[in-house]
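[1] need a 3D model of the sequence below.
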Amino acid sequence: MIQETLRSVISCLALLLLFAAGAHGASTELDRIVAVVEEDVIMESELEDQMQRVRAALRQQGTQMPPTAVLERQVMERLVLEKIQLQVADRAGVEVEERALDQAVSDIAERNNLSLDQFREIIESEGYQFATFREQIRQEIMIAKLRREEVDNRVRVRDSEIDNYLHNELQGADNEEYRLSHILISTPSGADDQEIRAARAKAEETLARLEGGEDFATVAISVSDGQQALEGGDLGWRKGGEIPSLFADAVSTMEPGDTSGIITSSSGFHIVQLSDKRSGEKIMVPQWRVRHILIKPNELLPPDAALNRLRQLRLRIENGANFALLARTNSDDRGSALQGGDLGWVSKGQMVPQFEEVMLAMKVGELSAPFESEFGFHVLEVTDTREYDGTEEIRRNQARQALRQKKIDERRQSWLRRLRDEAYVEYRDIVE
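    Numbers count the residues shown, from 1 in each chain. Below is the predicted model of the structure:
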C-alpha cells in the first residue's frame with residue numbers, strides 16, 4: 001500500500017534535489033497569495049516551486065516545453081486540486097500515523113540505496129528542510145488514502161465483466177487455442193414455423209441426451225447436419241480469432257468439457273462443446289500448502305503474553321501434540337482454525353510480506369519460529385509444495401485488475417471534477 005502511494009514521489013526524488021536549493025532561495029523573497037482555495041491559499045513561492053519541478057521533469061523526459069502561460073495554468077490547477085483534496089481529507093478525519101510516515105520516508109531512502117541519515121544529509125545539504133519534505137510525503141499519503149476511501153474501495157468488477165473482457169481478448173488473441181466440437185440441427189432455407197419448431201424440438205432432445213451423459217461425438221455422428229458430423233463434430237484446434245463469432249460468446253465462458261446451450265442462427269440450431277484449451281504462454285505457478293496458528297494481542301492479552309502463549313503452543317507441537325487440534329482450539333484466525341489452521345494452496349503475493357517471507361524460507365514439514373505480522377503472532381508449517389498451472393487464473397486476475405483500474409481512473413476523474421466544481425476558488429493576478 002505504501003509502495004503504491006509513494007510511486008510518484010520516489011520517481012521524482014532526484015528532481016526534488018535538483019530544485020531544492022532554488023526553492024530555498026526563493027523562500028527568502030517577499031511572498032504573496034496567488035489563489036484562494038476554500039479555507040486555504042496558494043502562495044507564489046508554491047507555484048514557482050511546482051513550476052520548477054515540472055520543468056525539470058519535462059527536460060529529463062526530453063519533452064518540448066509548453067509556453068509559460070500554458071504550463072503555469074496547468075500547474076496551478078494541479079495545486080488547486082491538491083489543496084481541495086487535503087481539506088476534504090482533513091474534514092473526513094484522514095490521518096497518517098507517525099510510524100507509517102517514518103516507514104514511508106525510510107522506504108524512499110532505501111530505494112535510493114541510502115541510509116536514513118544519508119538521505120537526510122543530502123536533502124538538508126541542498127537547502128531543503130527535512131521537516132518540509134516529511135510534510136510533503138504526509139500530504140501525498142493523505143491524498144492517496146482519501147482516494148482509496150472515496151473512490152477505489154467502492155469499485156467492484158463483476159465476473160460477467162471479466163468474461164466479456166476475456167471474450168474480446170479471445171477474439172483477437174493468437175496464443176490461445178481452443179478445440180471445439182459442433183452439432184448442427186439445420187433448418188431449410190425459407191423454413192416455415194412448423195419446420196422451425198420441429199428442428200428446435202430435435203435440438204432440445206439432442207441437448208438433453210448430452211446433458212444426460214451421452215458422448216458428444218457419438219451424438220454428433222447420429223444427428224448432426226454439420227460437415228464434420230462423421231468426425232464426431234470435431235472442428236479441430238482453432239485460435240481465438242478463428243472461432244466463428246456465432247460461438248465466441250459461449251466459448252469465452254466455457255471450460256474444457258463444457259457444452260453450450262442451443263445457439264440459434266439462420267442456418268438452424270447449434271450446440272458446441274469445448275473439448276480442450278491450450279496456450280502458448282502456459283504459466284506454471286509455485287504454490288505452498290500452509291497451515292498456521294495465530295494469536296492476536298488484545299486488551300486482556302498484551303503482546304508479550306500473546307507471544308509467550310504461542311511459544312508454549314509451538315513447544316507442545318514439537319513434543320507431539322496435534323497441530324490441527326491446537327489450531328482449532330487456540331487460533332484467533334477463526335476461518336482457518338475450523339480447518340485445523342489450513343490456509344490451502346498459497347501463491348506468492350497472497351499473504352502479507354512478513355508471513356510470505358517466513359513461508360518461503362521453510363521446508364516441507366518444518367515448523368517456523370513464532371513471528372509477528374500486522375495481524376498478530378503466527379507459527380506456521382508448510383505441508384506441501386507444487387507447480388500449478390495458473391494460466392487461466394492469472395488471465396482472470398489480470399483482466400480484473402485492468403477493468404478495476406479503468407473504473408478507478410474514470411471515477412477518480414469524475415470525483416475530482418465534482419470536488420473542483422463545488423469548491424470556492426479565487427485566482428489572484430497570475431491566472432485569470
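
[2] could you dump stretch 140-160 to CSV, C-alpha only?
    Extracted as CSV, the C-alpha positions of stretch 140-160 are listed here (Å, rounded to 0.1, in the frame of the first residue of the first chain):
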residue,chain,number,x,y,z
GLU,A,140,0.8,12.5,-0.6
ILE,A,141,-0.2,9.7,1.7
MET,A,142,-3.3,11.6,3.0
ILE,A,143,-4.5,12.2,-0.6
ALA,A,144,-3.9,8.6,-1.5
LYS,A,145,-5.8,7.3,1.5
LEU,A,146,-8.7,9.7,0.7
ARG,A,147,-8.9,8.5,-2.9
ARG,A,148,-8.9,4.8,-1.7
GLU,A,149,-11.7,5.5,0.7
GLU,A,150,-13.8,7.7,-1.5
VAL,A,151,-13.2,6.0,-4.9
ASP,A,152,-11.0,2.9,-5.1
ASN,A,153,-12.6,0.8,-2.4
ARG,A,154,-16.0,1.3,-3.9
VAL,A,155,-15.1,-0.1,-7.3
ARG,A,156,-16.3,-3.6,-8.0
VAL,A,157,-15.7,-5.8,-11.0
ARG,A,158,-18.3,-8.4,-11.8
ASP,A,159,-17.5,-11.9,-13.1
SER,A,160,-19.6,-11.1,-16.2
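
[3] go through that stretch and flag the buried ones.
    140-148, 150-152, 157 (16 or more other Cβ atoms under 10 Å). For glycine as for every other residue, the C-beta is placed from the backbone atoms N, C-alpha and C.

[4] ok, stretch 184-198 next?
    For stretch 184-198, by 16+ other Cβ under 10 Å, it's 184-187.

[5] which of the residues you listed lies closest to P353?
    L184 (54.9 Å; Cβ to Cβ).

[6] list the beta-bridge partners for that closest one.
    H270 (DSSP bridges).

[7] so it sits right up against S267, yeah?
    Yes - using Cβ atoms under 8 Å, L184 is in contact with S267, at 7.0 Å.

[8] which secondary structure elements does the helix ranked longest in the chain sit against?
    The longest helix of the chain (DSSP state H) is helix 391-422. Contacts defined by 3 or more Cβ pairs under 8 Å, 6 or more residues apart in numbering; DSSP states H and E place helix 391-422 against helix 68-91, helix 130-150, helix 159-172.

[9] and the last one, what does it pack against?
    Applying 3+ Cβ pairs under 8 Å, 6+ apart, one finds that helix 159-172 makes contact with helix 245-252, helix 391-422.

[10] for the first one, same thing?
    For helix 68-91, the packing partners by 3+ Cβ pairs under 8 Å, 6+ apart come out as strand 33-37, strand 40-43, helix 44-61, helix 130-150, helix 391-422.

[11] other SSEs contacting the fourth one?
    For helix 130-150, the elements it packs on are helix 2-5, helix 7-11, helix 68-91, helix 98-111, helix 116-125, helix 391-422, judged by 3+ Cβ pairs under 8 Å, 6+ apart.

[12] return the most buried member of these.
    helix 68-91 (a mean of 17; mean count of other Cβ atoms under 10 Å).

[13] for that one, output the C-alpha coordinates as CSV.
    What follows is helix 68-91 as a C-alpha-only set of coordinates in CSV (Å, rounded to 0.1, in the frame of the first residue of the first chain):
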residue,chain,number,x,y,z
THR,A,68,5.0,29.5,-19.7
ALA,A,69,1.3,30.7,-19.5
VAL,A,70,0.1,27.2,-20.5
LEU,A,71,2.4,25.5,-18.1
GLU,A,72,1.5,27.9,-15.3
ARG,A,73,-2.2,27.3,-15.7
GLN,A,74,-1.8,23.5,-15.7
VAL,A,75,0.4,23.6,-12.6
MET,A,76,-2.0,26.0,-10.8
GLU,A,77,-4.9,23.6,-11.5
ARG,A,78,-2.9,20.7,-10.0
LEU,A,79,-2.1,22.7,-6.9
VAL,A,80,-5.8,23.7,-6.5
LEU,A,81,-6.9,20.1,-6.7
GLU,A,82,-4.2,19.1,-4.1
LYS,A,83,-5.4,21.8,-1.7
ILE,A,84,-9.1,20.7,-2.2
GLN,A,85,-8.3,17.1,-1.5
LEU,A,86,-6.2,17.9,1.6
GLN,A,87,-9.1,19.9,3.0
VAL,A,88,-11.6,17.1,2.3
ALA,A,89,-9.2,14.6,3.8
ASP,A,90,-8.8,16.7,6.9
ARG,A,91,-12.6,17.1,7.3
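
[14] now the strands for the stretch 201-350 of the chain?
    Per DSSP state E, counting those that start in this stretch, the stretch 201-350 of the chain carries strands over the ranges 234-239, 263-265, 268-279, 284-295, 342-347.

[15] format those strands as CSV; extra columns: distance to S222, mean pLDDT and mean neighbour count.
    As requested, those are exported to CSV (distance: least, Cβ to Cβ, whole Å; pLDDT from 0 to 100; neighbours: other Cβ atoms under 10 Å):
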stretch, distance to S222, mean pLDDT, mean neighbour count
strand 234-239, 15, 85, 16
strand 263-265, 20, 92, 15
strand 268-279, 13, 90, 20
strand 284-295, 40, 94, 20
strand 342-347, 42, 94, 16
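
[16] quick one: which of those is nearest A89?
    Among those, if distance is taken as Cβ to Cβ, the winner is strand 284-295, at 32.6 Å.

[17] direction included, what does the closest one pair against?
    strand 342-347 (antiparallel), strand 376-389 (antiparallel).
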